[in-house]
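1. Test case, fold it:
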Amino acid sequence: MKIADHSSTADIALEGAILDSVKINLHVNNESLPELQDWGMKIKYYIEENLDVKHSLQNDLKIYMGSFFRMNHQ
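-> This next block holds a predicted model:
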């Protein structure tokens, strides 16, 4: 899939981190791969079309991933 021309390295890294968190969540919940791919593409499209939410999303993702890893590595 082509990354939008306006994407920076940070945007690409954010998209990758979000898709990774989706994979972790769906794996934990035993969801199927096609559902994962569909959900991941919807999130990626939303980010590309709504870059104004990027900073809020970055903060939410940092908080979520931090709590997820603390919970699973105790």
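2. Can you report how many residues lie near the nearest residue to Gln58 once chain neighbours are set aside?
-> Spatial nearest neighbour of Gln58, excluding adjacent residues (Cβ to Cβ, 6 or more residues apart in numbering): Leu14 at 5.9 Å. Yep, even glycine has a C-beta here, placed from its N, CA and C like the rest. Neighbourhood size, Leu14 [other Cβ atoms under 10 Å]: 18.
3. Report the contact partners of Leu14.
-> Ile47, Lys54, Leu57, Gln58, Leu61 (Cβ atoms under 8 Å, 6 or more residues apart in numbering).
4. Show me the shaky parts of the chain.
-> Within the chain, the stretches with pLDDT under 70 are 1-10, 22-37, 48, 50-55, 64-65, 67-74.
5. returning to that earlier point: got the contacts of Leu14 as JSON lines, with neighbour count, secondary structure and distance to Gly40 columns?
-> Converted to JSON lines, these look like this (neighbours: other Cβ atoms under 10 Å; DSSP: H, G, I helix; E, B strand; the rest coil; distance: Cβ to Cβ, whole Å):
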{"residue": "Ile47", "neighbour count": "19", "secondary structure": "helix", "distance to Gly40": "11"}
{"residue": "Lys54", "neighbour count": "15", "secondary structure": "helix", "distance to Gly40": "17"}
{"residue": "Leu57", "neighbour count": "18", "secondary structure": "helix", "distance to Gly40": "14"}
{"residue": "Gln58", "neighbour count": "16", "secondary structure": "helix", "distance to Gly40": "17"}
{"residue": "Leu61", "neighbour count": "15", "secondary structure": "helix", "distance to Gly40": "14"}
